[in-house]
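1. All I have is the shape, not the residue letters:
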């Protein structure tokens with residue numbers, strides 16, 4: 001299965017799908033699944049825009065999502081996404097357990113686990129803030145400037161559910177990074193691109209400390225994230241010295257940025273996942289030493305050897321530098337040494353502290369990075385690109401305002417330089433030199449009972465979005481804590497792993513649903529797979545709850561539910577987007593002032 005991973009979408013769906021289509025056309029393969037790592041911004045109409053926290057300079061009256069919501073355009077590839085810190089929270093909140101927001105576009109929910117063609121994907125929406133981590137969900141429509149920020153902060157309840165997972169996870173998707181993951185990649189290169197992260201890295205404040213615990217417990221093969229608007233790869237070797245996690249963060253969706261990555265993943269009968277490179281053109285295969293597949297152990301050996309190789313290389317480079325210094329015209333050894341001492345004193349002291357602190361901690365993954373994530377385009381464009389500094393969307397923090405000013409300067413510089421070089425390169429080489437020579441599809445004996453496919457396209461593998469048995473059993477054992485009939489604080493309660501009775505209960509419920517088989521395993525399709533009623537978010541939530549006899553959630557209040565019902569009636573009665581906009585805004589104002 002060929003997977004496309006995208007960083008922060010920011011509503012730029014046309015750019016994302018056009019880029020994907022160009023990659024497919026130039027390299028003769030089809031992407032089967034598209035994963036977006038947050039900031040999707042599914043804005044249907046004006047009221048949704050009012051529920052999203054975004055700086056004024058980035059506010060838009062509408063974005064590309066409206067065309068996909070109204071049916072003017074349709075996503076040709078199954079697209080799944082998580083929530084970030086720039087989202088229409090009134091939309092995502094109604095789909096707490098996940099649901100369709102447009103044809104072929106699916107929100108994964110606040111925290112969830114799904115199976116897609118036998119690949120197990122764990123997802124977590126939002127970002128971490130310590131002061132809201134232990135609080136209940138108390139944000140209701142209409143949102144004010146404070147509540148529409150705290151609404152996307154991760155709660156303890158979501159993390160604790162994910163900690164209960166015992167079966168192997170293939171992919172984890174989060175918006176922000178796990179804490180300390182930057183130390184397992186080229187942290188100096190990260191600081192060169194995003195120097196405003198210096199303080200957070202040095203003080204160990206970058207990322208979510210609770211997802212770092214998940215990283216060590218779940219040990220997934222891949223971890224995809226975004227949020228910081230920078231492409232960054234790291235290789236995290238776990239304490240058992242046999243399992244490792246490939247971490248990849250991508251930039252935001254914008255021209256001349258590294259916002260998309262293509263991977264071909266395969267899973268054998270032993271449930272071991274591999275990266276396959278047979279879709280890459282032959283001129284690129286020298287990077288992989290003429291190998292098409294790499295197992296975990298092979299990559300581990302390469303990555304561990306990188307540590308020693310880097311140390312030896314640094315020693316040789318140091319000796320060569322000393323010899324070159326001695327041969328400088330008109331300079332004695334004493335003068336050369338004096339000049340070197342002056343240069344050393346001018347180095348950034350904080351950077352030296354970071355290097356000393358982390359030199360024995362992080363694994364250099366430069367070779368593995370080239371092995372897995374990079375191509376010729378990435379190597380060339382890196383010489384041209386000047387990354388802008390991300391604007392952090394917190395509660396009017398002074399540091400964020402300073403970063404915004406730096407961001408403007410960086411953008412002006414980037415727009416003025418090197419555009420011609422990038423365009424010339426892309427004309428010759430394409431955006432991503434990937435080619436599917438064999439066009440192999442995973443063999444499976446599964447068929448959709450309804451006979452309809454959510455994804456259509458030549459040579460595009462059918463992707464089936466399915467429930468996960470273990471995850472549903474975890475919900476069965478703990479959903480009552482967040483149900484409407486429970487007054488306790490779910491963040492303070494002890495969550496338990498499901499019993500055998502819980503698993504049997506879920507199995508009975510699943511057997512009533514449409515199923516598909518991969519590698520002799522049965523998987524059950526999510527609600528609304530063939531004809532999702534994406535406009536009726538309430539119906540989707542109730543469909544999921546009723547399937548497993550779960551009670552309504554306690555995260556809504558009565559006035560909020562009334563507004564959602566009024567909104568639903570408006571969507572049902574008006575088909576045209578322009579009329580819908582005027583009708584909904586008029587009725588919404590009347591309802592809010594009542």
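-> Yes, it's here. In this text, all values refer to a predicted model and were calculated from it rather than measured experimentally.

2. Quick check: longest strand in the protein by residues?
-> The residue-count maximum for a strand in the chain (DSSP state E) belongs to strand 260-267.

3. Neighbouring strands of it in the sheet, and parallel or not?
-> Strand 260-267 has these partner strands in its sheet, going by DSSP bridges: strand 2-6 (antiparallel), strand 273-276 (antiparallel).

4. between these, which gets the lowest average pLDDT?
-> The minimum mean pLDDT among these belongs to strand 273-276 (a mean of 85).

5. Got the domain ranges for this structure?
-> Listed by automatic domain parsing, the domain ranges of the chain are 2-302+364-465, 559-593.

6. so where is the stretch 401-550 of the chain shaky, pLDDT-wise?
-> Along the stretch 401-550 of the chain, segments meeting pLDDT under 70 span 401-458.

7. Can you show me the helices along it?
-> Applying DSSP state H, counting those that start in this stretch to the stretch 401-550 of the chain gives helices spanning 419-429, 469-478, 500-510, 537-547.

8. so which of these is the most packed in?
-> Mean neighbour count (mean count of other Cβ atoms under 10 Å) peaks for helix 469-478 among these, with a mean of 22. The way it works is simple: take the backbone N, C-alpha and C, and place the C-beta from them, glycine included.

9. Tell me what angle that one forms with helix 500-510.
-> 120 degrees (axes from the mean of the first three to the mean of the last three Cα atoms, to 10 degrees).

10. what's helix 469-478 packed up against?
-> strand 111-116, helix 156-163, helix 500-510 (3 or more Cβ pairs under 8 Å, 6 or more residues apart in numbering; DSSP states H and E).

11. Mean neighbour count and distance to residue 79 added to the strands paired with strand 260-267, as a markdown table?
-> As requested, the strands paired with strand 260-267 are arranged in a markdown table below (neighbours: other Cβ atoms under 10 Å; distance: least, Cβ to Cβ, whole Å):
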| stretch | mean neighbour count | distance to residue 79 |
| --- | --- | --- |
| strand 2-6 | 24 | 9 |
| strand 273-276 | 18 | 21 |
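
12. Dump those strands to JSON lines, plus distance to residue 12.
-> Converted to JSON lines, these look like this (distance: least, Cβ to Cβ, whole Å):
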{"stretch": "strand 2-6", "distance to residue 12": "9"}
{"stretch": "strand 273-276", "distance to residue 12": "27"}
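
13. Looking at the ones you listed, spot the one closest to residue 185.
-> strand 2-6 (16.5 Å; Cβ to Cβ).

14. Run a quick neighbour tally on residue 562.
-> 12 (other Cβ atoms under 10 Å).

15. wait, I meant residue 494
-> Considering only other Cβ under 10 Å, residue 494 is surrounded by 7 other residues.

16. now swap in residue 233 and tell me
-> The number of residues near residue 233, taken as other Cβ under 10 Å, comes to 21.

17. Any idea which of the helices and strands packed on helix 469-478 gets closest to residue 171?
-> strand 111-116 (9.1 Å).

18. Just checking, which helix or strand of this structure averages the lowest pLDDT?
-> Sorting the helices and strands of the chain by mean pLDDT, DSSP states H and E puts helix 376-381 at the bottom, at a mean of 38.

19. re earlier: okay if I get the helices and strands packed on helix 469-478 as CSV plus distance to residue 277?
-> Below are the helices and strands packed on helix 469-478 laid out as CSV (distance: least, Cβ to Cβ, whole Å):
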stretch, distance to residue 277
strand 111-116, 21
helix 156-163, 31
helix 500-510, 36
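
20. Could you point out which of these sits nearest residue 99?
-> Using Cβ to Cβ, those put strand 111-116 closest to residue 99, at 10.7 Å.

21. Does the closest one pack against any helices or strands, and if so which?
-> strand 78-81, strand 119-124, helix 156-163, strand 465-467, helix 469-478.

22. Try it again at 7 Å.
-> strand 119-124, helix 156-163, strand 465-467 (3 or more Cβ pairs under 7 Å, 6 or more residues apart in numbering; DSSP states H and E).

23. What lies in contact with it?
-> Under the contact criterion Cβ atoms under 7 Å, 6 or more residues apart in numbering, strand 111-116 has outside partners 33, 97-98, 108, 120-124, 158, 161-162, 165, 463-466, 468, 471, 523.

24. Of those, keep whichever come out buried.
-> Buried members of those, scored by 16 or more other Cβ atoms under 10 Å, are 33, 97-98, 108, 120-124, 158, 161-162, 165, 463-466, 468, 471, 523.

25. Worst mean pLDDT among the domains of the chain?
-> Taking the mean pLDDT of the domains of the chain, domain 559-593 comes last: a mean of 67.

26. tell me the helices in the stretch 101-250 of the chain, going along the chain?
-> Using DSSP H, counting those that start in this stretch, helices in the stretch 101-250 of the chain cover 147-150, 156-163, 187-193, 198-202, 209-218.

27. looking at those helices, which is closest to residue 548?
-> Evaluated over the helices of the stretch 101-250 of the chain, closeness to residue 548 peaks at helix 156-163, with 14.9 Å, by Cβ to Cβ.

28. Just want the angle from that closest one to strand 111-116.
-> Using the same axes, to 10 degrees: helix 156-163 against strand 111-116 is 40 degrees.

29. angle of helix 156-163 against helix 209-218?
-> Using the same axes, to 10 degrees: helix 156-163 against helix 209-218 is 10 degrees.

30. Check which helices and strands helix 156-163 sits against.
-> Right, helix 156-163 is packed against strand 111-116, strand 119-124, helix 209-218 by 3+ Cβ pairs under 7 Å, 6+ apart.
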